[in-house]
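*Asks:* The following comprises the amino acid sequence and a computationally predicted model.
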Amino acid sequence: MKFKNKIVILAVIAFCIIGWKVINEDSGSGSRLEKDLIATLPEDITVCYCINDNGEKVLNNLEVKKLTIDRQSTDGNYKSADCTIDLEGNDIKMTAYVNLSCIKYDDGSWQVESCSELSKPKVIPKYQPDEPSFIWNIQRYEELYSLVKTNEYIDLDHGDIVYYYSVLDEGFTGNGVACKAVFKDAGMDYYEKDIYYWSYSNEVY
């Protein structure tokens, strides 16, 4: 009788271990499923293009920092997973919201078959243009040289950097100029950095 009890206990332990292994492989942070999905993500997620000063698209590789499965459904060896993916490149940090369609192979590994955007990704610049680059642009395009900075506004979460100046150049009729750089993104395909423009105002900043 004791021998039978031991067999039952061992069977329960083995069942628990197998169940834990299955759950751990296909769910949770750092699971095999998440690792497999990261390894087989399509290139259009892990690369984007930066528009340089000449209007050319320059390739920028993005590194996947984290993949979180928000919800999923499984039908046999097929899985649909809504995911949040955190990526980082030379100039940007990006959070993508996508649906991944996956297939499971005989060896237990998963592979992404297709990907679709659930919503527009959030793109945040990792840097801010320095003040000399603003001044250089105003001098180059507007021929204003006597500038005194009076204020600034920086909101990297929205890609906005604004510097306000008083203009002392002879013949300038306004009281100030606002020079703004805008970080524009078009989703996971490309983004533009250092997009400058300026405006004049009769107000003193």
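*Replies:* In hand now; what should we look at?
*Asks:* where along the protein do the strands fall?
*Replies:* 47-51, 57-61, 63-75, 78-88, 92-104, 110-125, 147-155, 160-167, 176-185, 190-201 (DSSP state E).
*Asks:* nearest residue to Ile69 other than its sequence neighbours?
*Replies:* Ala81 (5.1 Å; Cβ to Cβ, 6 or more residues apart in numbering). From N, CA and C alone the C-beta is placed, and that goes for glycine too.
*Asks:* Name all residues that make contact with that neighbour.
*Replies:* 37, 69, 71-72, 99-100, 102 (Cβ atoms under 8 Å, 6 or more residues apart in numbering).
*Asks:* Tyr164 now?
*Replies:* Tyr164 neighbours (Cβ under 8 Å, 6+ apart): 149-153, 176-179, 205.
*Asks:* I'd like the distance between Tyr105 and Phe134.
*Replies:* 54 Å (Cβ to Cβ, to the nearest Å).
*Asks:* Comparing these two, which shows the higher neighbour count?
*Replies:* Phe134 (24 against 10; other Cβ atoms under 10 Å).
*Asks:* ok, that one touching Val177?
*Replies:* No. Assessed by Cβ atoms under 8 Å, Phe134 is found out of contact with Val177, at 10.0 Å.
*Asks:* Pull out the buried residues from the contacts of Ala81.
*Replies:* Buried subset of the contacts of Ala81 (neighbour count, 16 or more other Cβ atoms under 10 Å): 37, 69, 72, 99-100, 102.
*Asks:* any idea of the pLDDT on the residue nearest to Ser73 when sequence neighbours are not counted?
*Replies:* Excluding its sequence neighbours, the residue lying closest to Ser73 (Cβ to Cβ, 6+ apart) is Ser80, at 5.2 Å. pLDDT for Ser80: 96.
*Asks:* now swap in the one 3 residues further on and tell me
*Replies:* At Cys83, the model reports a pLDDT of 96.
*Asks:* ok, now which ones touch it?
*Replies:* Per Cβ under 8 Å, 6+ apart, neighbours of Cys83: 37, 67-70, 97-100.
*Asks:* lowest confidence element among the helices and strands of this structure?
*Replies:* helix 2-26 (a mean of 47; mean pLDDT, DSSP states H and E).
*Asks:* Got the domain ranges for the protein?
*Replies:* Annotated domains of the chain cover 2-125, 131-201 [automatic domain parsing].
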